[in-house]
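Student: need a structure here:
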Amino acid sequence: MIGGRKRAGIQALSSRLRAALHHALQKARFDITLQHTRRTRAVSAYQRQTGEWLAWLQQYNESASRPLTGALWLGIAGGLMGAFVVAT
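Tutor: Residues are numbered from 1 along each chain as shown. Below you'll find the model as predicted:
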């Protein structure tokens, strides 16, 4: 009779351990999926922000190069005018 109780106790404990292990594995899978989702969102946000920064930088470079180009053309025109004045 004592052997039967031990066997029943071991079986009950083993089924509880299996249930706990199953629960822990399911929770771990959920946590991994959640971490993957968070990582994907973080990467997407980083890519979006990087794209915005690159667009702003390109726009800034285009607008910054225009005054410089205009100043260079004015300098060249002024130099040519000065050369014509000195030559005549």
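
Student: what about residue 5, distance to residue 33?
Tutor: 42 Å (Cβ to Cβ, to the nearest Å). Where you see a C-beta, it was placed from the backbone N, CA and C, and this is true even at glycine.

Student: one more: residue 14?
Tutor: 29 Å.

Student: could you do residue 85 as well?
Tutor: From residue 85 to residue 33 the distance is 78 Å (Cβ to Cβ).

Student: and residue 61, by the same measure?
Tutor: Counting by Cβ to Cβ, the gap from residue 61 to residue 33 is 42 Å.

Student: and if you look at residue 4?
Tutor: 43 Å.

Student: same question for residue 52.
Tutor: When distance is defined by Cβ to Cβ, residue 52 is 29 Å away from residue 33.

Student: low-confidence regions, this structure specifically.
Tutor: Within the chain, the ranges that satisfy pLDDT under 70 run 1-3, 62-67.

Student: now do the helices in it.
Tutor: Assigned by DSSP state H, the chain shows helices spanning 2-87.

Student: just the residues contacting stretch 21-32, thanks.
Tutor: Residues outside stretch 21-32 that contact it (Cβ atoms under 8 Å, 6 or more residues apart in numbering): none.

Student: could you list the buried residues of that stretch?
Tutor: Using 16 or more other Cβ atoms under 10 Å as the burial criterion, none of the residues of stretch 21-32 qualify.

Student: how far away from the center of its chain is that stretch?
Tutor: Put simply, stretch 21-32 sits 27 Å off its chain's centre (Cα atoms, centre = their mean, to the nearest Å).

Student: same thing with stretch 61-81?
Tutor: Computed by Cα atoms, centre = their mean, the separation of stretch 61-81 from the middle of its chain amounts to 39 Å.

Student: kindly report the same for stretch 74-84.
Tutor: The answer for stretch 74-84 is 51 Å, by Cα atoms, centre = their mean.

Student: same question, stretch 76-88
Tutor: 55 Å.

Student: output it as CSV, nothing but the C-alphas.
Tutor: Extracted as CSV, the C-alpha positions of stretch 76-88 are listed here (Å, rounded to 0.1, in the frame of the first residue of the first chain):
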residue,chain,number,x,y,z
ILE,A,76,33.7,85.2,-62.0
ALA,A,77,31.6,87.9,-63.6
GLY,A,78,33.2,90.6,-61.5
GLY,A,79,36.7,89.3,-62.4
LEU,A,80,35.8,89.3,-66.1
MET,A,81,34.4,92.9,-65.8
GLY,A,82,37.6,94.0,-64.0
ALA,A,83,39.7,92.4,-66.7
PHE,A,84,37.8,94.2,-69.4
VAL,A,85,38.1,97.5,-67.6
VAL,A,86,41.9,97.1,-67.1
ALA,A,87,42.3,95.9,-70.8
THR,A,88,40.5,99.0,-72.2
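
Student: cool, thanks, signing off.
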